[in-house]
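> here is the input, now give the coordinates:
(one chain, ligands or ions: 1)
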Amino acid sequence: MTNADRFYIDGEWVDPSASASSTDVLDPATETAIATVALGGAEDVDRAVAAARAAFASFSQTTVAERVQLLERIVEVYRSRSQDIADALTAEMGAPASLAGTAQVGAGLGQFTFAIDALKNFAFEEQRGGTQVRYEPIGVCGLITPWNWPPLLIAAKVAPALAAGCTMVLKPSELAPFNAVVIAEVLHEAGVPAGVFNLVHGDGPTAGSALTSHPDVDMVSFTGSTRAGVEVARSAAPTVKRVAQELGGKSANIMLDDADFASVVPRDLADVYANSGQSCNAGARWLVPETKLEEVLAHARTAAEAVVVGHPEQEGVQIGPLVSRAAYDKVQRLIRGAVDAGATVVAGGLGRPAGLDVGYFVRPTVLANVTNDMEIAQEEIFGPVVTVTTYTDVDDAIRLANDTVYGLAGFVSSADLERARAVARRMRTGMVHVNGAGLDFAGAFGGYKQSGNGREYSDFGLREFLETKSVFGYA
Ligand code: NAD
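The predicted model follows:
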């Protein structure tokens, strides 16, 4: 793959410094190496940050109209390279073509288009009595992203940072770096000025922490696990930089007793299983009325057993492998622990699906008799696994839903929208999906509690990259 073993700094593809190393990126469907990626060291990060700092002087002074034009050009070029981004995702994360293209690549595109609207409508200056309040770009931003929805998560940072007039260094996940290479090529071709956007590959402890602790980085926007988020906050603390965190989740799905289970169960199962269950907001912790348990399990078994798992290039495949050996092992460990603790397997279970002996494939699984104190009910699974826990009444359901350190998303299904919204208001989460996993880029994405403190999408995302300045004084 072109440019995979180089970094994009100050408008050109450069060789890694002597402080860099490298690693193989594996195809998770075959467990074979597809290419090598360079892992940057402190010197590479320094060089990228210096380029971003130099570029900030002029980019921060561009007009809204100029930045709108730039983002519009990015949208055009991104569209023309969509297939290349999708192909990279299929190779490095095993995403089936349908998911890689429409869902993954489409979501990234949506972030750029929504950022244009947000930018056009944003008031960068307002008058409050005699005081002028100005919103100014925060400066040089370190952007750190995971591998699970890469174009969406990269664009959810790059688009608002550009809209704000910031410059940036992106460090994408070392597990799925190649889609980021294509995105860097898109930004280059679209005419993003040299130094405004820089890309350094690398792992968390080296390149990641060089970026988060860097004295010349004004802000870190981080998406990843809560564990790494804590390290990021710690590393950023001595320089008092802003840290926007989008972290893990353990989202409950409250099915109210008036839901139409025949349609709700297969829909919600498909939503959890999408992307092989590797979504931060997956509503994988089902809370079901005691009286409806058997009905829910019957529908869930039928739907789970109909899911086609296989190689991403194969026609008709709905879900591919997990991203890595570590992810596979974690899912197996959690299923085993749950069964040992008294959970029952309704569908799927341990091991790979029949006929798939190589690759990090997991059986689409439904577990019943899960109680909230089990590890599987408290730890993020990040695999195609749904757990079912029963509740007695709505108060009990809400208590169970909120009994977690996470607070990213909640799900509620009901035939009565107002009843569902009343439950949504009592959930301690940044987002609640009512009647399905759909979300809208006009809203805000982010979590309560240990799911983070940031908000992405639309003008909520734009605000993250702005400083507020008050100019007091009278004529
Ligand atoms: P991860 O935390 O292992 O890695 C995320 C990124 O952080 C990678 O680029 C990694 O190299 C980097 N990193 C790791 N340790 C670091 C450190 N000490 N300093 C700086 N950077 C460091 O997460 P992952 O496995 O790539 O992604 C899955 C996790 O991300 C899940 O927990 C998921 O819920 C979360 N996630 C959250 C959101 C959200 O918007 N809230 C979206 C997607 C994924």
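> hey, let's count contacts and neighbours off CA atoms from now on
OK.
> where in the protein is pLDDT low?
1, 475 (pLDDT under 70).
> what residues does it have near the ligand?
Residues of the chain that fall close to the ligand, judged by CA under 6 Å from any ligand atom: 144-147, 172-174, 203-205, 208-209, 223-225, 228, 231-232, 246-249, 280, 446.
> so what touches stretch 433-446?
Here stretch 433-446 makes contact (CA atoms under 8 Å, 6 or more residues apart in numbering) with 110-111, 114, 246, 264, 267-268, 271, 408-414, 417, 420-421, 424, 430-431, 452-458, 460-461.
> quick one, which of those are buried?
110-111, 114, 246, 264, 267-268, 271, 408-414, 420-421, 424, 430-431, 452, 454-458, 460-461 (16 or more other CA atoms under 10 Å).
> looking at those residues, which are in helices?
By the criterion of DSSP state H, membership of the buried ones among the contacts of stretch 433-446 in helices covers 110-111, 114, 264, 267-268, 271, 420-421, 424, 458, 460-461.
> pipe those residues into CSV and attach distance to V366 per row.
Putting those into CSV (distance: CA to CA, whole Å) gives the following:
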residue, distance to V366
G110, 32
Q111, 33
F114, 36
V264, 15
R267, 14
D268, 12
D271, 14
A420, 24
R421, 27
A424, 25
S458, 35
F460, 36
G461, 35
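> which SS class is N198?
Three-state assignment for N198 (DSSP: H, G, I helix; E, B strand; the rest coil): strand.
> just to check, it is in contact with D10?
Yes - at 6.6 Å, N198 and D10 qualify as touching, with contact defined as CA atoms under 8 Å.
> show me which of those two is the more surrounded one.
Neighbours per residue, other CA atoms under 10 Å: of N198 and D10, the larger number sits with N198, 29 against 22.
> ok, that one - contacts?
N198 touches F7, Y8, I9, D10, G11, A48, A51, A52, M168, V169, L170, A184, counting by CA under 8 Å, 6+ apart.
> measure it to G142 for me?
10 Å (CA to CA, to the nearest Å).
> find the residues that touch each one of the two.
Joint contacts of N198 and G142 (CA under 8 Å, 6+ apart) are M168, V169, L170.
> what sits opposite the second one in the beta ladder?
What that stands for is V169. G142, N198 (DSSP bridges).
> burial of it, as a residue count?
So V169, with other CA under 10 Å, has 29 neighbours.
> you'd agree it is up against A52?
Yes - V169 is in contact with A52 according to CA under 8 Å; the separation is 7.1 Å.
> and for the two, which residues touch both?
What both V169 and A52 touch, as defined by CA under 8 Å, 6+ apart, is the set V140, F197, N198.
> and R128, its phi and psi?
phi -120, psi 100 (degrees, to the nearest 10).
> that one pairs with what?
Taking DSSP bridges, one obtains T131 as the residues bridged to R128.
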